[in-house]
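A.B. asks: sequence and predicted model, in that order:
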Amino acid sequence: MQSDTRKTGRKPKMRYSKVIVNIPDQLIQQFDEICDKWGFSRQEAIKQAMRDFIFDYIDENDPGPEQIKNTFKNMMLGIAEAAKEMPPEQKTLNQL
């Protein structure tokens, strides 16, 4: 079956979530003033602020769960290998 985009030339509808938040009056007044000054609706400005927040805080170098697991595994293998090479007196002290 063909996608809606190929049949109609339009993108499929995006799903939305409704969010209700409590915002201090002074903050929303300042926000609305800036929105008015720059020609943004409150809705569009909030969505853009969320996009900017995500962009600012995403770290592409942040390791995922699999990379963390592999790093930990390699670290443990390294410790086990180093323990094999320890002199007998150090092994005894570490087992106390």
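C.D. replies: It's in.
A.B. asks: residue closest to the middle of the protein?
C.D. replies: Compute the mean C-alpha point of the chain, and by Cα atoms, centre = their mean the closest residue is residue 58, 5.1 Å away.
A.B. asks: relative to residue 18, how far out is that residue?
C.D. replies: Per Cβ to Cβ, to the nearest Å, residue 58 is found 24 Å from residue 18. For glycine as for every other residue, the C-beta is placed from the backbone atoms N, C-alpha and C.
A.B. asks: longest helix of this protein?
C.D. replies: Criterion DSSP state H: the longest helix present in the chain is helix 65-84.
A.B. asks: with just CA atoms, put it into CSV.
C.D. replies: Written as CSV, here are the backbone C-alpha positions of helix 65-84 (Å, rounded to 0.1, in the frame of the first residue of the first chain):
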residue,chain,number,x,y,z
PRO,A,65,23.3,1.8,26.9
GLU,A,66,25.2,-0.6,24.6
GLN,A,67,28.3,1.5,24.6
ILE,A,68,28.2,1.9,28.4
LYS,A,69,27.8,-1.9,28.7
ASN,A,70,30.8,-2.6,26.4
THR,A,71,32.9,0.0,28.2
PHE,A,72,32.1,-1.6,31.6
LYS,A,73,32.8,-5.1,30.2
ASN,A,74,36.2,-4.0,28.8
MET,A,75,37.1,-2.3,32.0
MET,A,76,36.3,-5.5,34.0
LEU,A,77,38.3,-7.6,31.6
GLY,A,78,41.2,-5.2,32.0
ILE,A,79,41.0,-5.5,35.8
ALA,A,80,40.9,-9.3,35.6
GLU,A,81,43.9,-9.3,33.2
ALA,A,82,45.8,-6.9,35.5
ALA,A,83,45.0,-9.1,38.5
LYS,A,84,46.5,-12.1,36.8
